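Undergrad: Sequence and predicted structure are below.
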Amino acid sequence: MQSVSELAHGFARAILGDADGTLLESIRGDGLEPAARLAIYRNHVFTTLTAALGATYPVVCRLVDERFFAYAADRYIREHPPAAPCLVEYGETFADFLAAFPPCRELAYLPDVARLEWAINRAFHAPAAAAIEPALLREIPACDLAGLVLALDPSAAFLDSPWPVDRIWRANQPDADPEATVDLDTGGARLEIRRLDGDVVFRALDGGTWAFRAALARGRRLEDAAGAGRAADSAFDLAHAVRGLLDDALVVGRRAPTFPMEEP
Amino acid sequence: MNLAADHAAPRPALAGIGLRSPHVGEVMATRPSVGFLEVHAENYMAGGPALASLERLRADYPVSVHAVGLSLGGPDELDARHLARLKSLVDRIEPVLVSEHLAWSVAGGVYFNHLLPLPYDKASLDVVCRRVTRVQEMLGRTILVENPSLYLRFRRSTIPEGEFLAALVERTGCGLLLDVNNVYVSCRNFGEDPAAYLDAIDPATVGEVHLAGHAENEADGRTILIDDHGSPVAEPVWQLHARMLERLGPVPTLVEWDTSLPALDVLLAEAAKAGRLLEAAGRRTQDAVRV
């Protein structure tokens, strides 16, 4: 007889794909086909996980309609089932999946809308961290400043898209004007997403500020982040940018540098 | 750790509600009268505002932490990170009760987030006992284990569910979270008698009761009850619960509602109904003591 463990692995394969004969033989019919009993569990699993994805990606769901969303979710769940126990942490790779999903090829902006929704979900659940007192930065010797690595608010994320994803998102909120349309040719968005006073908010940043803050969020040294800011905008001013960070209460501490070679 | 805890020891026996995120704001704002709040552990493990709200609520209400993802009966060993996050939550919230399920949800690193059935035989019992002991050692307290709602049975099962749970209690010192709706659903799905199931339960092992609604579905011309937590508690379940209370005396009782979540008032009214049954059971117990 197969072990308890083999039985469960067979069950798991049957949830995500097809039931093999050994598993079906291990189930008592009790008046129904074993496959029909198994299907009850499969339905529950897919209903729960599809609902979890729908809760994280409501705008994607609205853009493609619920039926197509359920179809895409079904494929995603089979290919990328949850690898951790907390449902709010499920679905991080959904945007990449959509980008490679042939039926979505026409909707080039859809993966970035999903990235924005993931950043919103992540920001909502991120741990709280208090901003540092600005005076603490002044105590750091000038010679150490260039190599400093700042830790930003853990809820903060930075998204760069060639599509107006912020306007697409707002036009697809429940309270939005249903007649409003978004012109996809109106340019992209460089967004900062974070939680403020319990609510997740996002806003567009200018190119230099976005590049600077996004580099800091990736663990770059202050000097390198300033370089990223200048590369995006020749008028970028470091002192002004650091004041902006402190004014926005974005800095929560310092951390060890992340070496550039780790960048994906 | 005292593993011989008497799970029916005297304690405030009140009716509570399963707290779901759409209701958190209203509960925070209005602080309704309810005996206790039970939350799904996994919804609070990320930290953030959800945990902050729960920390504020625990000042005003007893809180019960109901884990749904440890996979006590699964093929994978317990997830050490998950267990550590549960411990950190329990240490922070200091819940009155901690519970899990007689089920599994993880296999080969896939987290199905659903309570899947296990065969009831000696090999399974050994696995579940080892895991429950490990969880209790990690948390430094006993837990309650809930009977699942079942839609299939395995040929290799040799131990009736009630006996399986009784053996688990005996070997680990854990208590039972008796879900009366699950008893009704499982027994109806297999043509068994839910009253007989309940009559065989040792009241001293029951630390909490769950009540919830279920749905009736058709499958190949057969009626299958589905434990969807999407409606009021069904009348036959209330009747079984009242019958069980005759033997249990007052015990913390939770009303759960997950799908088609109603207004908070509707859920509170269900809990109030459970509370009235508990008060009546409490009076009977006092009368019995006086005699």
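TA: Received the coordinates, thanks. Residues are numbered from 1 along each chain as shown, chains lettered A, B, ... in the order given.

Undergrad: For whichever residue of the stretch 51-200 of chain A sits closest to chain B, give me its contacts.
TA: Residue of the stretch 51-200 of chain A nearest chain B, by Cβ to the nearest Cβ: A:Pro85 (3.6 Å). From N, CA and C alone the C-beta is placed, and that goes for glycine too. Counting by Cβ atoms under 8 Å, 6 or more residues apart in numbering or on different chains, A:Pro85 touches B:Glu42, B:Met45, B:Gly69, B:Leu70, B:Asp79, B:His82, B:Ser105, B:Val106, B:Tyr111, B:Asn113.

Undergrad: A:Leu53: which of the residues you listed is nearest?
TA: Among the contacts of A:Pro85, B:Asn113 lies closest to A:Leu53 (Cβ to Cβ), at 11.5 Å.

Undergrad: Please list the members of the contacts of A:Pro85 that lie in strands.
TA: Counting by DSSP state E, those place B:Ser105, B:Val106, B:Tyr111, B:Asn113 in strands.

Undergrad: neighbours of the last one, just the number please.
TA: B:Asn113: 22 surrounding residues under other Cβ atoms under 10 Å in any protein chain shown.

Undergrad: The first one now?
TA: If you count neighbours by other Cβ under 10 Å, B:Ser105 ends up with 24.

Undergrad: Tell me the spacing between it and chain A.
TA: Distance of B:Ser105 to chain A, given as Cβ to the nearest Cβ, to the nearest Å: 8 Å.

Undergrad: coming back round to it: may I see the ones in strands among the contacts of A:Pro85 organised as JSON lines, with pLDDT added?
TA: Converted to JSON lines, these look like this (pLDDT from 0 to 100):
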{"residue": "B:Ser105", "pLDDT": "97"}
{"residue": "B:Val106", "pLDDT": "97"}
{"residue": "B:Tyr111", "pLDDT": "97"}
{"residue": "B:Asn113", "pLDDT": "95"}
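
Undergrad: Please identify which pair of these lies farthest apart.
TA: The largest separation in the ones in strands among the contacts of A:Pro85, counting by Cβ to Cβ, is between B:Val106 and B:Asn113 at 9.3 Å.

Undergrad: Now do the shared contacts for those two.
TA: Counting by Cβ under 8 Å, 6+ apart, the residues touching both B:Val106 and B:Asn113 are A:Pro85, B:Gly69.

Undergrad: returning to that earlier point: out of the ones in strands among the contacts of A:Pro85, which is nearest to chain A?
TA: Nearest to chain A among the ones in strands among the contacts of A:Pro85, with distances taken as Cβ to the nearest Cβ, is B:Tyr111, at 4.2 Å.

Undergrad: With adjacent residues omitted, what lies nearest to the closest one?
TA: Spatially, and ignoring its direct neighbours in sequence, B:Tyr111 is nearest to A:Pro82 (4.2 Å; Cβ to Cβ, 6 or more residues apart in numbering or on different chains).

Undergrad: that older thread, let me have the ones in strands among the contacts of A:Pro85 in JSON lines, extended by distance to A:Asp144.
TA: Conversion of the ones in strands among the contacts of A:Pro85 to JSON lines gives the following (distance: Cβ to Cβ, whole Å):
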{"residue": "B:Ser105", "distance to A:Asp144": "49"}
{"residue": "B:Val106", "distance to A:Asp144": "46"}
{"residue": "B:Tyr111", "distance to A:Asp144": "44"}
{"residue": "B:Asn113", "distance to A:Asp144": "47"}
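
Undergrad: that older thread, wait, is the residue of the stretch 51-200 of chain A closest to chain B part of a helix?
TA: No - in this structure, A:Pro85 is coil, not part of a helix, as judged by DSSP: H, G, I helix; E, B strand; the rest coil.

Undergrad: Can you name the residues that contact the residue nearest to it when sequence neighbours are not counted?
TA: Nearest non-adjacent residue to A:Pro85, counting by Cβ to Cβ, 6+ apart: B:Gly69, 3.6 Å away. For B:Gly69, the contact set (Cβ under 8 Å, 6+ apart) comprises A:Pro85, A:Cys86, B:Ala41, B:Glu42, B:His82, B:Ser105, B:Val106, B:Tyr111, B:Asn113.
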